[in-house]
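>>> for reference, the sequence and a predicted model appear below.
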Amino acid sequence: MSSSSTIVTAGLTKHYGDVKAVVDLDLAIDAGEVFGFLGPNGSGKTTTIRTMLDLIRPTAGTASILGLDSHRDAVEIRQHIGYVPGELALYRNLTGKELITYFANLRGGVDWTRVNLLAERLDAVLDKKVGELSTGNRQKVALVQAFMSKPSVLVLDEPSIGLDPLVQQQFQAIIREAAEEGATVFLSSHTLSEVERVASRVGIIRTGRLIVVETMEALKEKAVRTVTMQFDQPVGEAEFAAVAGVRDASVDGTQATVAVEGSMAQLLQLASSLGVVEMSSNESDLEEIFLTYYREDAAQ
C-alpha cells in the first residue's frame, strides 16, 4: 500500500445471510489513478462500492478514503466525493437545473460556469423535469452533479448506461482530465472496452472475490495475437507449435496461421529462418483475457 493511496480496503467483506457478496477484498488506489473495477452483473461490484462508501455496513474489514475511516468520518468524506450510483434514483419532479442547484447547495455552492460547460459537453438537458428524461439523459444529469465540484475522489458505478457513443467519448475525456488534475477515479463497469480507454489499472471481481489486479499494460501483454504468415516454400506445423507462447498453429502449404500469447520474439526468429515473405498480426480483444481470468478462476 502506498502512502499516497486515496482509497484503501482491508479484508472488506459483506454477507447477506448465506450469500457472500464481497469476500476479504484488499485494494489500494492512488491519487491521480483511474482504477477500473470489472465484473459482470451480480459479481459484487455495487456491494463493494456501497460498503466502501458506508452506505451499507461491512460484515468484516475496513475501508478508508483520503485517509479517513469510511464509517467514522463518513460526513467529512462526502464533501470530497463525486458519486454516480449504479441504480440511479433522482427527484423526478425537479428539473435537471433544480436538481443540480439542490446538490450544489448541499456542498455550499458550485461554479456554474463549470456546470454549464459539463452540461454542454455531455449534451445534458437541464430544463426538463427528471421524470420526463430518458435513461441516458438522466445519466447525464447525474454525471454533471458528480463532476461539477471537482471532487478529489470520483466513484462511478456503471456510469455510461444509456449514453450514445459520442457522449461516451466526451465522458471518457472528462475522466482523463479529472485524473490529470489529481483526482482518484474508481470506475466500476461490466464493459471492458469502456475501462480499457481510461484506466491505468484494473481489478477483476468474480462472485465477490477479487481475482486479479493488473496494469492495463500487463493485461495487453497477455493478449493473444493471431499472426498470418506467407512463406516462399511449404512449412511444417510442428515447428510453430514448439515455439514459446504459441497456443494454436495451422499450416496450409506455404501459409501458416498462429495464435501467440505474449512476446513474439521467438516466432519472428523462426519465421525469418523459414523465409517469411509476408506477415500480418491481429491483436485480440481484451474481452477474451477478461473471460480467460473468469474461466481459470472457476476451474480452480
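Great, that's in hand.
>>> what residues of stretch 197-205 count as buried?
197-199, 201-205 (16 or more other Cβ atoms under 10 Å). C-beta: built from backbone N, CA, C; applies to glycine.
>>> wait, doesn't A244 sit right on Q266?
Yes: judged on Cβ atoms under 8 Å, A244 makes contact with Q266 at a distance of 5.2 Å.
>>> comparing those two, which shows the higher neighbour count?
Q266 (15 against 11; other Cβ atoms under 10 Å).
>>> quick one: average confidence on the helix or strand harbouring that one?
Assigned by DSSP states H and E, Q266 belongs to helix 265-273. Averaged over helix 265-273, pLDDT sits at 93.
>>> equivalent analysis for stretch 53-64, please.
Mean predicted confidence for stretch 53-64 is 96.
>>> tell me the contacts of the residue nearest to E278 when sequence neighbours are not counted?
Excluding its sequence neighbours, the residue lying closest to E278 (Cβ to Cβ, 6 or more residues apart in numbering) is Q230, at 4.0 Å. Counting by Cβ atoms under 8 Å, 6 or more residues apart in numbering, Q230 touches 254-255, 276-279.
>>> so which other helices or strands are in contact with the helix or strand hosting L219?
L219 belongs to helix 216-221 when elements are defined using DSSP H and E. Where contact means 3 or more Cβ pairs under 8 Å, 6 or more residues apart in numbering; DSSP states H and E, helix 216-221 is packed against strand 201-206, helix 286-299.
>>> can you give me how far it is from the chain middle?
Centroid separation for helix 216-221 versus its chain: 14 Å, with Cα atoms, centre = their mean, to the nearest Å.
>>> also stretch 125-144?
23 Å.
>>> SS state for V212?
strand (DSSP: H, G, I helix; E, B strand; the rest coil).
>>> the helices in the protein, which residues?
45-52, 74-78, 96-106, 112-122, 135-147, 165-180, 192-196, 216-221, 237-241, 265-273, 286-299 (DSSP state H).
>>> just to revisit the earlier point, tell me the pLDDT at the residue nearest to E278?
So, for Q230, pLDDT stands at 96.
>>> okay, domains of the protein per the record?
By the assignment in automatic domain parsing, the chain contains the domains 5-219, 224-283.
>>> tell me how many other residues surround G262.
14.
>>> is it true that it touches G245?
Yes: if you go by Cβ under 8 Å, G262 and G245 touch, sitting 4.6 Å apart.
>>> so who does the residue of the chain positioned farthest from its centre touch?
Distance from the centre of the chain peaks at Q233, with 46.1 Å (Cα atoms, centre = their mean). Q233 sits next to 254, 274-275 when contact means Cβ under 8 Å, 6+ apart.
>>> where does the stretch 151-300 of the chain have low pLDDT?
Applying pLDDT under 70 to the stretch 151-300 of the chain picks out residues 283-300.
>>> hmm, back to that, selecting buried members of the contacts of Q230 in ChimeraX, what would you type?
Here is the ChimeraX selection string for the buried members of the contacts of Q230, based on 16+ other Cβ under 10 Å:
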select :254,276,279
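>>> from the contacts of Q230, which is closest to R225?
M279 (11.0 Å; Cβ to Cβ).
>>> and the closest one, how far from V130?
Distance of M279 to V130, given as Cβ to Cβ, to the nearest Å: 55 Å.
>>> can I get the contacts of Q230 in TSV with distance to N116?
Shown next, in TSV, are the contacts of Q230 (distance: Cβ to Cβ, whole Å):
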residue	distance to N116
T254	63
Q255	58
V276	57
V277	59
E278	54
M279	52
